[in-house]
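Enquirer: Just the structure for this:
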Amino acid sequence: MPEFNQSFETAMNTSRFDLLIRGGTAVTATGTGLLDIGISGGRIAAIGANLAGTATREIDATGRLVLPGGVDTHCHIEQVSGAGLLNADTFETATRSAAFGGTTTVVSFAAQHPGHRMRQVVADYAALARKGAVIDHAFHMIVSDTGDGNLSEDIPRLIDEGHRSIKIFTTYDKVRQDDKSILDILAVARREGALVCFHAENDGLIRHMTEKLLAAGETAPKYHALSHPREAEIEAIDRMCRFAEFTGARIMIFHVSTREGAEIVRQARARGVRVEAETCPHYLFMTVDVLEREAPARFMCSPPQRTPDDQDALWEAIADGTIQLVTSDHAPYRMDATGKFAHGPDAPFNRIANGMPGLETRLPLMFNAMLSEGRMGLEAFVELTSAAPARAFGLPGKGQIAEGFDADIAIWDPERTLTYGADDLKDNVGYNPYEGTTVRGLPVWVFSRGRAIVRERELAPTPGGGKWLAMSA
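Expert: Just a heads-up that it's a prediction; the model follows:
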């Protein structure tokens, strides 16, 4: 971002604000500086040094950072999986956890199952969010059934109404799409102006390896990683990039985990393919050896964690813009018969639910790595975790501190430290996969459209206070 332009220090001699945040180091759409933020009617009304005017409430942010609230565009909330398992979080528990971690906007999934109409699926998830969501939200449409008017009628109509993100799985029974269906969906998305997001792994390779491992009696959770070989990701990412190139559709590759996957995206972008990519904290801060630890089912996710070399490659891809977003892929299952072990305590790896909680830990982990440890810096952190996700999914008024934008703001204490415990998150999952990890830098105040939902590290959420966001084209 450019240096802050002093001409932007607009004096508002007669201004009255609902809230004034004074004296913090703010990262705004035009730069970084010691600035005051004036908020009225849930929006940012003024930004400047030593703003004139009065306010119903003032907060002294001296010595703190004033940042846009985080935007997490990959969250599974109150969702029934393809295997029929409801995950652990409601919209209330998930979004209060997100808020406590500094996130003020989420994009979760409206997960269609075969035989269901997409319009009804979206309506059902929207009703759950209206009841419980503490913060603002939008939806990706998971498409598992293109028949019965779904692709010809429901999906175009929903795109027109503002649901402009589609999610496709290239693996998993009941939800995966074959190549022909993927091309059909990409063609509709290209015509209607939607973004198509991919869980990209080769189904045949996963099935082949799973059968071999089970036949050999290698059923423990640690064998999950071998059942999802890196070649499965490599092949599927390349194929989806080729499909995007062929159709002209805009796509997003979710949770890139390998050096080769990142390089495929880099080369595709160089050819002009309309592809963006994300990765997740568990690929940046965990390696495959976590599956050798006690209770390894805690760490099972797909794709699995990889190697230190892959971590280096992902950071390189973040630095050069090949990967634009870091999201949580929050996929919460409890470590009991309602979640990970729905098929019994000794279930083989392929019958253990995949996914980890991450909404609350995403921003502190990234802040610690990028600022406290000096990896990339403040403005890069804001771009990666707030501005770029909001821009990629066309979320209006989100991801930046700018006049007229929603007053979604997190005030961070850059020196405050926390060592995560075994079960200290505000969600409903019952464990923290980052137990024992120490982070420096935490959000202490969090505002959603000017409402204080975290006050000096104390939650003050309003269930149902979040609003649905229509994505722009």
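Enquirer: from here on, contacts and neighbour counts on C-alpha atoms
Expert: OK.
Enquirer: The stretch 301-450 of the chain: strands as residue ranges?
Expert: 325-326, 409-419, 438-448 (DSSP state E, counting those that start in this stretch).
Enquirer: helices or strands up against the longest strand along the chain?
Expert: Taking DSSP state E as the criterion, the chain has its longest strand at strand 16-28. Helices and strands touching strand 16-28, by 3 or more C-alpha pairs under 8 Å, 6 or more residues apart in numbering; DSSP states H and E, are strand 31-40, strand 54-60, strand 65-68.
Enquirer: quick one: that strand to strand 409-419, angle?
Expert: Angle, strand 16-28 to strand 409-419, by axes from the mean of the first three to the mean of the last three C-alpha atoms, to 10 degrees: 60 degrees.
Enquirer: and strand 16-28, how far from the chain's centre?
Expert: Its chain's C-alpha centre and that of strand 16-28 lie 26 Å apart, by C-alpha atoms, centre = their mean, to the nearest Å.
Enquirer: Give the partner strands of that strand in its sheet and their orientations.
Expert: strand 31-40 (antiparallel), strand 54-60 (parallel), strand 65-68 (parallel) (DSSP bridges).
Enquirer: who touches the longest one?
Expert: Read it as strand 31-40. Under the criterion C-alpha atoms under 8 Å, 6 or more residues apart in numbering, residues 1-5, 17-27, 44-51, 379, 407, 450 lie in contact with strand 31-40.
Enquirer: For ChimeraX, what selects the buried ones among those?
Expert: Of these, the buried ones go into a single ChimeraX selection, burial set by 16 or more other C-alpha atoms under 10 Å:
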select :4,17,18,19,20,21,22,23,24,25,26,27,44,45,46,47,48,49,51,379,407,450
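Enquirer: What residues does residue 321 make contact with?
Expert: Contacts of residue 321 (C-alpha under 8 Å, 6+ apart): none.
Enquirer: and if you look at the one 3 residues further on?
Expert: Applying C-alpha under 8 Å, 6+ apart, one finds that residue 324 lies in contact with 276-278, 318, 384, 388-389.
Enquirer: hmm, try it at 10 Å
Expert: Residues near residue 324 by C-alpha atoms under 10 Å, 6 or more residues apart in numbering: 252, 276-279, 317-318, 383-385, 387-389, 392.
Enquirer: any chance of those residues in a markdown table, plus distance to residue 351, pLDDT and neighbour count?
Expert: What follows is the contacts of residue 324, written out as a markdown table (distance: C-alpha to C-alpha, whole Å; pLDDT from 0 to 100; neighbours: other C-alpha atoms under 10 Å):
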| residue | distance to residue 351 | pLDDT | neighbour count |
| --- | --- | --- | --- |
| 252 | 28 | 98 | 26 |
| 276 | 31 | 98 | 22 |
| 277 | 29 | 98 | 24 |
| 278 | 27 | 98 | 25 |
| 279 | 25 | 98 | 25 |
| 317 | 33 | 98 | 21 |
| 318 | 33 | 98 | 21 |
| 383 | 38 | 97 | 21 |
| 384 | 34 | 97 | 24 |
| 385 | 33 | 98 | 26 |
| 387 | 37 | 97 | 25 |
| 388 | 35 | 98 | 18 |
| 389 | 32 | 98 | 27 |
| 392 | 34 | 98 | 17 |
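Enquirer: how about JSON lines for those residues, with distance to residue 115 added?
Expert: Output for the contacts of residue 324, formatted as JSON lines (distance: C-alpha to C-alpha, whole Å):
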{"residue": "252", "distance to residue 115": "26"}
{"residue": "276", "distance to residue 115": "31"}
{"residue": "277", "distance to residue 115": "30"}
{"residue": "278", "distance to residue 115": "30"}
{"residue": "279", "distance to residue 115": "32"}
{"residue": "317", "distance to residue 115": "39"}
{"residue": "318", "distance to residue 115": "39"}
{"residue": "383", "distance to residue 115": "40"}
{"residue": "384", "distance to residue 115": "37"}
{"residue": "385", "distance to residue 115": "36"}
{"residue": "387", "distance to residue 115": "37"}
{"residue": "388", "distance to residue 115": "35"}
{"residue": "389", "distance to residue 115": "32"}
{"residue": "392", "distance to residue 115": "30"}
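Enquirer: where along the stretch 201-350 of the chain do the helices fall?
Expert: Ranges of helices in the stretch 201-350 of the chain, per DSSP state H, counting those that start in this stretch, are 203-215, 224-227, 230-247, 259-270, 281-285, 308-319.
Enquirer: do you know which of those helices lies nearest residue 69?
Expert: helix 281-285 (17.7 Å; C-alpha to C-alpha).
Enquirer: so how far is residue 366 from residue 289?
Expert: 21 Å (C-alpha to C-alpha, to the nearest Å).
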